[in-house]
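Peer 1: need the 3D shape of this:
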Amino acid sequence: MQTARHLSDATGVPIQPETDLMEFNNGLLAGLPHKEATEKYPRIPDLPPDQSVYRQESLVEFRGRAEKMLAKILAETADDETVAVVTHGGTINQLYHAFLKLPVKDGMFFSTADTGIHEWIVEPTERRVARANYNEHSGEIR
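Peer 2: A predicted model of the protein is given here:
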């Protein structure tokens, strides 16, 4: 939300909060240090994407939120408009998968680092990732 506020202050464009852009719901793991979380709640290998454990959302539910938001953004945005979406890396990955129409569980991961700008272009006959610039912890976008 801090990043969105900075963008809003700089551009004069109001913030439109969307709960469906929140990061993956970690359930019982939320707020725990990584070591403690992995000890108390070990990873379940080959968990089907429609199932969840430890009160987390499933991968299908997470992807569903991304699909819903992408559909909303595309439906509400005019051809000549630009939209800035501010969210976290897991959600950005789900948006990429939805945007590129990739399967829910395909083993692909889009590296977003800690700060990034991902430019997507939507045209009537194609969708393109025009640019993806990101930087680790510097607070500076290239």
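Peer 1: contacts, neighbours, all on C-alpha from now
Peer 2: Will do.
Peer 1: now the longest helix along the chain: average pLDDT?
Peer 2: Counting by DSSP state H, the longest helix found in the chain is helix 59-76. Mean pLDDT, computed over helix 59-76, is 96.
Peer 1: what helix or strand does Tyr96 sit in?
Peer 2: helix 89-99 (DSSP states H and E).
Peer 1: what's in contact with that helix?
Peer 2: Helix 89-99 is contacted from outside by 21-24, 62-63, 66-67, 70, 103-104, 109-114, 127, using C-alpha atoms under 8 Å, 6 or more residues apart in numbering.
Peer 1: how about stretch 62-72?
Peer 2: By C-alpha under 8 Å, 6+ apart, stretch 62-72 touches 20-21, 24, 91, 94-95, 98-99, 104.
Peer 1: rerun that using 7 Å as the cut-off
Peer 2: 20, 24, 91, 94-95, 98, 104 (C-alpha atoms under 7 Å, 6 or more residues apart in numbering).
Peer 1: top of these by neighbour count?
Peer 2: Gln94 (26 neighbours; other C-alpha atoms under 10 Å).
Peer 1: and that one, how far from Ala84?
Peer 2: For Gln94, the distance to Ala84 equals 16 Å [C-alpha to C-alpha, to the nearest Å].
Peer 1: ok, and what's touching stretch 4-17?
Peer 2: Against stretch 4-17 from outside (C-alpha under 7 Å, 6+ apart): Val86.
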